[in-house]
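S.K.: how would this look folded up:
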Amino acid sequence: MRRGLVALTALTALMAVSAAGCGSGTEEDMVVEGAAPPTPYSGPMYIHGKAWDEEKDDRADLVDTGAAARALECDGEIFTAGGSEPWSKGDGGRTPEGGLEAYFEIEQPDVPLEGYRVEREEGGRVLFSYDVDGRTKVAVIVAKDRKNRPGWGPETSASCDPAEFPASWTDSRDYEVWTDRNGKRVPITVISSSVGSAHCDWQKAHFLGTGEGKDSVLYARDPDGVLGDEMLETPYRGDVTMPADAKDTGYRLRDWKLWLTDDKETAYVRTSDGVEAWPRVKQGMGCA
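M.R.: Predicted structure coming up:
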């Protein structure tokens, strides 16, 4: 599926974590009963979507990558959107609910696997939505017997930023969702962090990324030196004085408070014990 990349692609590569949605469970778990929302989606169920280029296009352009994106009710910008790849006979479902199950099996999306409901049916297509507080955060349009897609299966799908999903779900994943100074969850396209990958023996390190695409910056906390000097622009320092020109970003995670200088060469993380200096990770460095 052509979809927007997860924020901080460098961070994603370094973590080397598979967040695929395998093991989707039963159709009864996936689809729940429920009344239609106060304002159900009333737009077209099919739009010929264009490809989205992470380096060239603004994230707002994801709304033009298929009908499912139009059904979302995100607080911020759309996180992923796009159409499905072809599949073989037997991969599709026999019912719309089976088509939703095929979506999880074929696309392996990193979204909640349960709690979807039918929002709309029209012209051989069914819109399934996953809602949070009455607003659609994941939309999947399944269709039957389209070209190179036998049976019921995904035609287009889209989702909001993971920070808009319930904390109970993001807490069960590898996401660390930061908040702003008012306690509001911040999109992971703005800031994201994660413990280092066990695959790389980096569990004692921590990565912090800001921005996305060409504007992304990746920092690392490495008190035990597991990353090595060849990965970091400068050494990690666990006890420093906050620079006079550092500014509080307002971003918080547990007792961590992120401060940055204008050059963004180092992330200064204020903790309950003092201030740590997290250096930038060198461009192109990662774990094989």
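S.K.: quick one: residues contacting Gly225.
M.R.: Contacts for Gly225 were tallied using CB atoms under 8 Å, 6 or more residues apart in numbering; they are Tyr236. (C-beta placed from N, C-alpha, C; glycine too.)
S.K.: quick check, pLDDT for it.
M.R.: With respect to pLDDT, Gly225 scores 93.
S.K.: same check, this time on Gly211
M.R.: As predicted, Gly211 sits at a pLDDT of 87.
S.K.: any stretches of the stretch 1-150 of the chain with poor pLDDT?
M.R.: Across the stretch 1-150 of the chain, the ranges flagged by pLDDT under 70 are 1-29, 32-38.
S.K.: go again using 50 as the cut-off
M.R.: In the predicted model, the stretch 1-150 of the chain carries pLDDT under 50 at residues 1-10, 12-25.
S.K.: strands of that one, start to end?
M.R.: Using DSSP state E, counting those that start in this stretch, the strands of the stretch 1-150 of the chain run over 78-83, 116-122, 125-132, 135-146, 149-160.
S.K.: got the ones you listed as TSV, with distance to Gly196 and mean neighbour count columns?
M.R.: Formatted as TSV, the strands of the stretch 1-150 of the chain follow (distance: least, CB to CB, whole Å; neighbours: other CB atoms under 10 Å):
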stretch	distance to Gly196	mean neighbour count
strand 78-83	24	25
strand 116-122	33	17
strand 125-132	30	22
strand 135-146	29	23
strand 149-160	26	26
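S.K.: any chance of the ones you listed in JSON lines, with distance to Gly286 too?
M.R.: What follows is those, written out as JSON lines (distance: least, CB to CB, whole Å):
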{"stretch": "strand 78-83", "distance to Gly286": "22"}
{"stretch": "strand 116-122", "distance to Gly286": "35"}
{"stretch": "strand 125-132", "distance to Gly286": "32"}
{"stretch": "strand 135-146", "distance to Gly286": "29"}
{"stretch": "strand 149-160", "distance to Gly286": "25"}
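S.K.: tell me which of those strands lies nearest to Lys282.
M.R.: Closest to Lys282 of these, according to CB to CB: strand 78-83, at 27.3 Å.
S.K.: in this protein, which spans are helices?
M.R.: 9-15, 27-30, 67-70, 96-107, 167-170 (DSSP state H).
S.K.: you'd agree Ala60 is up against Cys74?
M.R.: No: judged on CB atoms under 8 Å, Ala60 makes no contact with Cys74 at a distance of 10.5 Å.
S.K.: which one's more surrounded, those two?
M.R.: When Ala60 and Cys74 are compared for neighbours, Cys74 comes out ahead with 19 against 9, by other CB atoms under 10 Å.
S.K.: tell me the contacts of the more buried one?
M.R.: 137, 160-161, 164.
S.K.: what is the nearest of those residues to Trp152?
M.R.: Lys137 (22.5 Å).
S.K.: enumerate every residue touching the closest one.
M.R.: Neighbouring residues of Lys137 by CB under 8 Å, 6+ apart: 72-74, 130-131, 159-160, 164-165.
S.K.: then Arg185?
M.R.: Taking CB under 8 Å, 6+ apart, we find Arg185 in contact with 163-164, 167, 177-179.
S.K.: what about 10 Å?
M.R.: Neighbouring residues of Arg185 by CB atoms under 10 Å, 6 or more residues apart in numbering: 75, 161-165, 167, 170, 177-179.
S.K.: for it, list each beta-bridge partner.
M.R.: Under the criterion DSSP bridges, Arg185 forms beta bridges with Thr179.
S.K.: for it, give its distance to Val138.
M.R.: Arg185 is 16 Å from Val138, where distance means CB to CB, to the nearest Å.
S.K.: same thing with Asp171?
M.R.: From Asp171 over to Val138 the distance is 18 Å, taken as CB to CB.
S.K.: next one: Val275
M.R.: The gap separating Val275 from Val138 is 39 Å, by CB to CB.
S.K.: ok, Ser129 next?
M.R.: According to CB to CB, Ser129 and Val138 sit 7 Å apart.
S.K.: what do those two both touch?
M.R.: What both Ser129 and Val138 touch, as defined by CB under 10 Å, 6+ apart, is the set 68, 71-72, 115-116.
S.K.: JSON lines please, covering the residues you listed and showing distance to Ser84.
M.R.: Below are the shared contacts of Ser129 and Val138 laid out as JSON lines (distance: CB to CB, whole Å):
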{"residue": "Ala68", "distance to Ser84": "10"}
{"residue": "Ala71", "distance to Ser84": "16"}
{"residue": "Leu72", "distance to Ser84": "17"}
{"residue": "Gly115", "distance to Ser84": "21"}
{"residue": "Tyr116", "distance to Ser84": "16"}
